[in-house]
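Chemist: Sequence unavailable; structure follows:
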């Protein structure tokens, strides 16, 4: 009788894929899945209220491109923030609201902004997926 090891093999493949995504995107597992210290994470309702105010910067950091929240100021890839610092305010205390598809890429972008001295950085909890699920619109 032959033993079939399909389930363990499938789990092993899923594990490898889970490790490969961060590696090939240029990010470590920790950078993607653990928010940096000081990052303010807001649920969609609070995020919507906050970005409705003046003097905030709204940045989509998801790659590849996705539908955007209305009023998005810039599209900056999460792993290229250092190359686009001219798009960020010189006042390092200006509120910066980041989002991506699920919230993970925004963690990476936030780390970069913190390393550059920015102090008022926010992430949309659950990203654009949670935004849409909460009933808020996006623009193609």
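Modeler: Thanks, I have it. What you see is a predicted model, and the numbers here were worked out from it, not measured in a lab. Numbering: from 1, shown residues only.

Chemist: Low-confidence bits of this structure, can you list those?
Modeler: Per-residue confidence of the chain (counting by pLDDT under 70) places the weak regions at 1-8, 10, 12-33.

Chemist: Tell me which stretches of it form strands.
Modeler: Chain-ordered strands for the chain, with DSSP state E as the definition, fall at 40-42, 57-60, 68-69, 74-75, 96-99, 121-124, 138-139.

Chemist: Residues in contact with the third one: which ones?
Modeler: For strand 68-69, the surrounding residues in contact (Cβ atoms under 8 Å, 6 or more residues apart in numbering) are 51, 58, 60, 75, 99, 128, 131, 136, 138, 139. Every C-beta, even on glycine, is put in place using the N, C-alpha and C of the backbone.

Chemist: circling back: output the strands of the chain in CSV; the columns should cover distance to residue 108 and mean neighbour count.
Modeler: Compiled in CSV, these are given as follows (distance: least, Cβ to Cβ, whole Å; neighbours: other Cβ atoms under 10 Å):
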stretch, distance to residue 108, mean neighbour count
strand 40-42, 14, 16
strand 57-60, 13, 23
strand 68-69, 18, 19
strand 74-75, 15, 14
strand 96-99, 10, 26
strand 121-124, 10, 25
strand 138-139, 21, 12
